[in-house]
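K.L.:
Predicted model and sequence below, questions to follow.
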Amino acid sequence: MRIAVAGTGYVGLVTGVCLASKEHEVTCVDIDEKKINLMSQGISPIYEPGLSELMRDSKDNITFTTDYKAAYSGADVIFIGVGTPEKKDGSANLSYVYKVAEQIAESLEKDCVIVIKSTVPIGTNDKIEQFIKAKLKRHVNVYIASNPEFLAQGSAVRDTLHASRIIIGVEEPQAAEILQDVYKDFDSPKMVTNRRSAEMIKYASNDFLALKISYVNEIANLCELVGADIEDVTMGMGYDSRIGTKFLNAGIGYGGSCFPKDTKALSWLATFNDNELKTIRAAIDVNESQKFKLVKKAKKYYDDFSGLTVAILGLTFKPGTDDLREAPSLVNIPILLEDGANIKAWDPVGVENYKKIYPTEIEYCETISQAITGADLCFIFTEWPEVKNMDVRDFETFMKRPIVLDGRNCFKLEQFRNVHIIYDSIGRTRVDYLYI
Ligand code: UGA
């Protein structure tokens, strides 16, 4: 099938490459010529495990262009995978989706299914249908389908090739048939529903996961106060298959391009409809304060950070990605810098993006041991495997004062029993050798 994909971010590019790997003839469209040139040479502009390899293996079935007319005019199916960032009021900014919709309307020369993969507020597919139909230049049939994306960054290729489910939201059976055909070689359960339900499935899923994280973070905070251990608590909860163990990791809050944006967007949509999502509102509030948890803990050890050398392990919002959007490091590092701390940071893939924000203010280190050398304090913001697998005795060896504040519970408490390190994590007893 001839498929065009609008947008080559995490969603668009991964979708395009995965569809090409299933023998579809795919053209990816983007306005950014630099990115198009890179991708045409087989280079992925984003870090995503397995993506470059799949791009290379599928190169005969995929092309990249800025020429949207050529891409859209002859396509059987067009996927829209552009961003829907948060506006100041919390609602979703749909300007990129509408821009692409306009370009599609002026380009179409034959019947086509237009699939909205971007996360859009409930009712957007209906509006896009009216918008495109009103702007069509030729007499062609267009069908609009909602096909939300459930990939997580860091495992995007696997999540797409073996999706937990493929949701097909349509109003006409013809569109469902064509999408079933697009996905015929994908081994995932497929569910056909109407467009508004499909749009809601996406938000309800993301917001539920965000809620789960905020819930567990609140329980973790209480565990600290009453002497319980969140790791044991969640393990004990997880034996109940109705609860499960996934997405019960306590930490310094969720980041990324999805949960923060999608919780606010659904909450905004509820308010707009004279309704209130109290649980989601609470999840947002808990997450906002959780991000500052480690800085608050640090105040137990230092009144302010002026002149201190502070090591930061992990800059990205989670491991496996170079994405910094809504990363907890981005709200904590400014506080430390403002206080006059000298920051030494390590991250295996996030540094290049961080340098765009802080080119000179931070000392970027090649290794974890370089970052912690001489430090008065160490913050762990991302649970990279390199951090989880390090020898904790290195904190004692290399730091000036071995105080480790772990926002991702990377280590077992036992690992700190026989060392001279203060280890303060989330929802667990502080290990402080001075008091053992
Ligand atoms: C999320 C969803 O997991 C995907 O299903 C969805 O398709 C995607 O959003 C999207 O809407 O595009 P993603 O943002 O890539 O994926 O990353 P997650 O793995 O969900 O992590 C989000 C944040 O939650 C991270 O900051 C992570 O550290 C945090 N998290 C996750 C926790 O604090 N605890 C957990 O137990 C799990």
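P.N.:
Yes, it's here. Numbers count the residues shown, from 1 in each chain.
K.L.:
Now do the contacts for the residue most central in space within the chain.
P.N.:
Per C-alpha atoms, centre = their mean, the C-alpha nearest to the average position across the chain is that of Gly256, at 3.8 Å. With contact set as C-beta atoms under 8 Å, 6 or more residues apart in numbering, Gly256 has these partners: 153, 317-318, 323, 325-327. (Each C-beta comes from the backbone N, C-alpha and C, glycine too.)
K.L.:
nearest spatial neighbour of it, skipping sequence neighbours?
P.N.:
Closest residue in space to Gly256, ignoring its immediate chain neighbours: Phe317 at 4.6 Å, by C-beta to C-beta, 6 or more residues apart in numbering.
K.L.:
Please determine how far that neighbour is located from Phe208.
P.N.:
Look at Phe317 and Phe208: by C-beta to C-beta, to the nearest Å, they are 19 Å apart.
K.L.:
more neighbours, the two?
P.N.:
Legend: neighbour count by other C-beta atoms under 10 Å for Phe317 and Phe208, higher for Phe317 (27 against 13).
K.L.:
Could you list which residues are in contact with the more buried one?
P.N.:
Phe317 neighbours (C-beta under 8 Å, 6+ apart): 254-256, 323-328, 382.
K.L.:
now, which of those lie close to the ligand?
P.N.:
254-256 (C-beta under 6 Å from any ligand atom).
K.L.:
Nearest to Gln290 among these?
P.N.:
Tyr254 (8.6 Å; C-beta to C-beta).
K.L.:
Count the residues that sit near that closest one.
P.N.:
Other residues close to Tyr254 by other C-beta under 10 Å number 25.
K.L.:
Quick check, it in contact with Ile213.
P.N.:
Yes: applying C-beta atoms under 8 Å, one finds Tyr254 in contact with Ile213, separated by 5.0 Å.
K.L.:
list the residues that contact both of the two?
P.N.:
Asn287.
K.L.:
So which bits of the stretch 101-250 of the chain are right by the ligand?
P.N.:
So the stretch 101-250 of the chain meets the ligand at 119, 149-153, 206, 209, 213, 247-249 (C-beta under 6 Å from any ligand atom).
K.L.:
nearest to Pro348, of those residues?
P.N.:
Gln153 (14.6 Å).
K.L.:
number of nearby residues for Asn93?
P.N.:
Asn93, neighbours per other C-beta under 10 Å, totals 15.
K.L.:
Let's see the pLDDT reported for it.
P.N.:
pLDDT recorded at Asn93 is 95.
K.L.:
How much space separates it from the ligand?
P.N.:
15 Å (C-beta to the nearest ligand atom, to the nearest Å).
K.L.:
ok, residues contacting the strand or helix carrying Ser329?
P.N.:
Ser329 is part of helix 328-338 when elements are defined by DSSP states H and E. Here helix 328-338 makes contact (C-beta under 8 Å, 6+ apart) with 252-253, 255, 291-292, 294-295, 305, 310, 312, 314-317, 324, 343, 345, 357-358, 361-362, 379, 381-382, 407.
K.L.:
ok, back up a step: for the residue nearest to the centre of the chain, helix, strand, or coil?
P.N.:
With DSSP: H, G, I helix; E, B strand; the rest coil as the basis, Gly256 sits in coil.
K.L.:
Run through the strands of the stretch 151-300 of the chain in chain order.
P.N.:
166-169, 190-193 (DSSP state E, counting those that start in this stretch).
K.L.:
No further queries at this time; thank you.
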